[in-house]
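Chemist: Test case, fold it:
(one chain, ligands or ions: 1)
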Amino acid sequence: MEETEFNLDQIDIKEFNSVIIGSGAAGLNCALHLVGEGINPTEIAIITEQLGGGTSFNTGSDKQTYYKMSLTGNQMDSPFEMAKDLCAGGAMHGDIALIEATNSIREFFHLVQLGVPFPHDQFGGFVGYKTDNDPRQRATSIGPFTSQEMGKCLLKEVQKEKIAIFDKHYALNILFDNTKKRSEAIGVVCIKTDELISEKNMGNIINSIKIFKARNIIIATGGPAALYKHSVYPKSQKGSLGLAITAGCKLQNLTESQFGLASIKFRWNVSGSYQQVIPRYISVDKNGKETEFLMKYFPSFQQLSKAIFLKGYQWPFNAERIEDFGSSLIDLAVYNETEILDNDVYLDFTKNSLNYEEELLDPIVKRYLSNSNALARNPLERLKKLNAQAVEIYKKNGIDISKELLQIAVCNQHLNGGISADMWWETNIKHLFAIGEANGSHGVHRPGGAALNSGQVGGLRVAQKIGHTYAKLEPLNRYRFLQIIAPNLSSIFNIIKFALFKKAIMNIDQMTPAQFWEHIQDRMSKFGGIIRPSKDFFEEGKEIIKQIYNLKIILILNNNKEIIEYLRIRDALLTQQYILKSILNYHESNGKSRGSYLILRDALNESLNERYIIPPGELKEFKFIKSDIILEEKIQTIQSHAGIITFEWEKVRDIPNEFGWFENVWKDFSDGKIFN
Ligand SMILES: Cc1cc2nc3c(=O)[nH]c(=O)nc-3n(C[C@H](O)[C@H](O)[C@H](O)COP(=O)(O)OP(=O)(O)OC[C@H]3O[C@@H](n4cnc5c(N)ncnc54)[C@H](O)[C@@H]3O)c2cc1C
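Modeler: As a prediction, this is how the structure comes out:
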């Protein structure tokens, strides 16, 4: 196929000091802090594929949590103590944890100032509660929609500041100058999605390309949300880790995804009160036969009621909570029904379980329901008493749980890992930053609510770094910039042209975008869900490489509009390759079951004191490995060097515990030394 001809003067190029990719809570907050740190609002741009899209604006849960240091009454807390708890799951750097803890208060009050109505008492104390993996009461919430309200308040302020927002701009490539000793980001290539037409036409593709030249680029594109069939991420969020991968960024902890129970018709976590009222769990097979399957795995209703109740607080699936009839045994049983037996699983709020008797409830359940004045004849009545809003949310989304069953599955919810960055959230590429869920600062597990805090703190740190060290525009002149981007654009246009205008090719099975997504998601379920077998990995890895290489041939594209699907699938495939390679490397490093997954391997390595844990009943097939190996003192990183993917296991940095002498810190701060 002939090269695509284009004239660089035809291409729309805009220039800013800082370009933020993504308009979620992390990206919007960063824009505001840039202004606070002295960058003129006219020098800042937010580019986003969909303003109001993404996770922050479209998600929530029973009590969506924001995690911050405690600051009320006689609670004893400190940044150091909070940092210890952020790091407790392992595989998290201590300095990053200390920064997230120290700045949590500043960021929390930033949100309060912007109008997020976090509740306080008559003394002005911002009361808290205990969330998952939290030994204190650091969690706060405004109810089910904390992140949505954060997003709205942040956006209002961004609009007040008149910061430019480029909506319907899909970023497809980071531009960088690699003639420097350390590669430097210099711009972003976007495609304006609403300009694409329903025909195949290269002229229209070229006109839809928009270039942003920038001194600083901040990736705030959220989590890789489209990789799993069962997902509780909002549908408008897809994720763009491929942007960082193709730019040559180092990524980390990609093995650490988080999963939990959620309804699938309307995507919503069934955490908190949905479990505390002890709903009836049923599975329905292809012949319509209904079974209360959980009773197969718990020796008594008392133990089952306790596990269901705890699932409310302990929402993410956790390898440590299977034994002794722990709450994650429920996720495992649901997984077995849906993924292995191909049944549908539902929560029924209209009836009690066959074995339900108030007298048989575990004492912690009974005490809680009684103290909450929520003991009633069935789960629905209990839920109405405990949290009436929980029923209403489903009603508003077309599901009446007072009449119908609620279909659930074990769903993907969050990636704790992501792009690696330093203390200022700058990546290994100079002037390229990563914040929010795209940044992989968390470890194996994290306190609930730490994701939202981390996203806010990251934006502040980036703005401080840029304000103090990268505030001036890049001296790179337009001619040199065009010289760098010309081959990049040429390659993009040639790939797109091929993808659109190819003829059918022998021996290659073609797929529509919908078929290809299904393929990606099936692969993820097989190797990267809560169950992680080591078998057949190698072959699958080879297949992914082939697909990345041949994607432009494989995908059937009918018109220019579908190019976006091509770009998203390319991104998802690259991300999948990195995640699955990380999981394979984890197997090869003798990693044990941890976080939100169980490791299955055929043989035990006895020198590492590996042992099988065998879950009860039919679940014995999921006999998973535990051992004495402690990989949590290291962080697994992955990076591509000249096309070759390599791993490093970096030693976790300790939490700093020397905090300087005031006069010296004051001087370093005034001289700007702390920002280097
Ligand atoms: C069901 C659920 C419940 C949760 N509950 C909690 C909780 O209680 N506490 C907590 O701390 N965390 C929670 N989380 C996680 C938290 O909500 C997210 O991590 C956080 O909102 C992510 O914010 P973000 O700004 O990084 O990304 P997002 O809000 O996802 O924003 C990403 C933005 O990037 C844009 N974008 C993506 N790719 C591109 C591209 N190529 N070009 C242009 N734009 C692009 C998107 O359109 C979007 O605007 C929950 C998540 C889910 C799914």
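
Chemist: gap between the closest residue to Trp424 other than its chain neighbours and Asn40?
Modeler: Counting by C-beta to C-beta, 6 or more residues apart in numbering, Lys465 is the residue found nearest to Trp424 once chain neighbours are left out, at 3.9 Å. In short, each C-beta sits where N, CA and C put it, glycine included. Lys465 sits at a distance of 17 Å from Asn40 (criterion: C-beta to C-beta, to the nearest Å).

Chemist: now stretch 198-213: how far from the chain's centre is it?
Modeler: Between the centre of stretch 198-213 and the centre of its host chain there is 30 Å, according to C-alpha atoms, centre = their mean, to the nearest Å.

Chemist: Need the phi and psi values for His414.
Modeler: Backbone geometry at His414, expressed as degrees, to the nearest 10, gives phi -160, psi 150.

Chemist: before we move on, the earlier item: neighbour-wise, which of Lys465 and Asn40 wins?
Modeler: Remark: of Lys465 and Asn40, Lys465 carries more neighbours, 22 against 13, as counted by other C-beta atoms under 10 Å.

Chemist: mind checking the SS state of the more buried one?
Modeler: Using DSSP: H, G, I helix; E, B strand; the rest coil, the structure places Lys465 in helix.

Chemist: So which bits of the stretch 301-450 of the chain are right by the ligand?
Modeler: Taking C-beta under 6 Å from any ligand atom as the criterion, the neighbours of the ligand within the stretch 301-450 of the chain are Gln413, His414, Gly436, Glu437, Gly448, Gly449, Ala450.

Chemist: give me the number of residues near the last one?
Modeler: Burial measure for Ala450: 32 neighbouring residues, criterion other C-beta under 10 Å.

Chemist: Equivalent analysis for the fifth one, please.
Modeler: Taking other C-beta under 10 Å as the criterion, the count of residues near Gly448 is 27.

Chemist: which SS state does it fall under?
Modeler: The three-state label for Gly448, taken from three-state DSSP, comes out as coil.

Chemist: Tell me who's in contact with it.
Modeler: Residues in contact with Gly448 (C-beta atoms under 8 Å, 6 or more residues apart in numbering) are Thr65, Tyr67, Thr131, Asp132, Asn133, Asp134, Ala139, Trp315.

Chemist: could you redo the last one with a cut-off of 7 Å?
Modeler: Each residue near Gly448 by C-beta atoms under 7 Å, 6 or more residues apart in numbering is listed here: Thr65, Tyr67, Thr131, Asp132, Ala139.

Chemist: between those, which is nearest the ligand?
Modeler: Set against the ligand, the nearest of the contacts of Gly448 by C-beta to the nearest ligand atom is Thr65 (3.9 Å).

Chemist: Then Val112 would be within a helix, right?
Modeler: Yes: under three-state DSSP, Val112 falls within a helix.

Chemist: need the contact list for it.
Modeler: If you count contacts by C-beta under 7 Å, 6+ apart, Val112 has them with Phe118.

Chemist: Roughly how far does it sit from Gly449?
Modeler: Summarising the geometry, the distance separating Val112 from Gly449, computed by C-beta to C-beta, is 15 Å.

Chemist: if we can go back for a sec, out of the residues of the stretch 301-450 of the chain next to the ligand, who's the most crowded?
Modeler: Using other C-beta under 10 Å as the neighbour criterion, Glu437 leads these with 34 neighbours.

Chemist: I figured it hits Ala225, correct?
Modeler: No: checked against C-beta atoms under 7 Å, the pair Glu437 and Ala225 is beyond contact range at 9.0 Å.

Chemist: so what's in contact with those two at the same time?
Modeler: Looking at what touches both Glu437 and Ala225 (by C-beta under 7 Å, 6+ apart), the common residues are Thr55.

Chemist: other SSEs contacting the top helix by length along the chain?
Modeler: Using DSSP state H, we find that the single longest helix of the chain is helix 563-588. In terms of contacts (3 or more C-beta pairs under 7 Å, 6 or more residues apart in numbering; DSSP states H and E), helix 563-588 is packed against strand 169-177, helix 241-247, helix 513-528, helix 537-554, strand 634-641.

Chemist: which residues make contact with stretch 518-526 from outside it?
Modeler: Outside stretch 518-526, the residues within contact range by C-beta under 7 Å, 6+ apart are Leu227, Tyr228, Lys229, Glu339, Met511, Glu540, Ala572, Leu573, Gln576.

Chemist: list the buried ones in it?
Modeler: Within stretch 518-526, the residues scored as buried using 16 or more other C-beta atoms under 10 Å are His519, Ile520, Gln521, Arg523, Met524, Ser525, Lys526.

Chemist: repeat for stretch 496-511
Modeler: Judged by neighbour count using 16+ other C-beta under 10 Å, the buried positions of stretch 496-511 are Ile496, Lys497, Ala499, Leu500, Lys502, Met511.

Chemist: among those, which two are most distant?
Modeler: For these, with distances taken as C-beta to C-beta, the pair at the greatest spread is Lys497 and Met511 (19.7 Å).

Chemist: Could you see whether the ligand lies near stretch 183-193?
Modeler: No: remark: stretch 183-193 sits outside contact range of the ligand, by C-beta under 6 Å from any ligand atom, the gap being at least 6.9 Å.

Chemist: Relative to the ligand, which residue of the stretch 101-250 of the chain is the closest?
Modeler: The ligand sits closest to Gly222 of the stretch 101-250 of the chain, with a gap of 2.5 Å, by C-beta to the nearest ligand atom.

Chemist: Quick one: closest of the helices and strands packed on helix 563-588 to the ligand.
Modeler: Of all these, the one in closest proximity to the ligand, counting by C-beta to the nearest ligand atom, is strand 169-177 (3.6 Å).

Chemist: Grab the nearest non-local neighbour of the closest residue to the ligand within the stretch 501-650 of the chain.
Modeler: The ligand sits closest to Asp571 of the stretch 501-650 of the chain, with a gap of 7.3 Å, by C-beta to the nearest ligand atom. Taking C-beta to C-beta, 6+ apart as the measure, Asp571 lies nearest to Gly242, with 3.3 Å between them; neighbours along the chain are not counted.

Chemist: Please apply the same query to Leu432.
Modeler: Leaving out its chain neighbours, Leu432 is closest to Ala185 (C-beta to C-beta, 6+ apart), at 3.8 Å.

Chemist: Doesn't the one you found lie inside a helix?
Modeler: No: note on Ala185: no helix contains this position according to three-state DSSP, which reports strand.

Chemist: right, and it touches Ile429 too?
Modeler: Yes: here Ala185 lies in contact with Ile429, judged by C-beta under 7 Å, at a distance of 5.4 Å.

Chemist: Mutual contacts of the two, please.
Modeler: Residues touching both Ala185 and Ile429 (C-beta under 7 Å, 6+ apart): Phe176.

Chemist: about what we covered before: helix/strand/coil for the residue of the stretch 101-250 of the chain closest to the ligand?
Modeler: Reducing the assignment to helix, strand or coil with three-state DSSP, the entry for Gly222 is coil.

Chemist: how about it, what does it touch?
Modeler: When contacts are counted by C-beta under 7 Å, 6+ apart, Gly222 touches Gly22, Gly24, Gly54, Thr55, Gln237, Gly239, Gly436, Glu437, Ala438.
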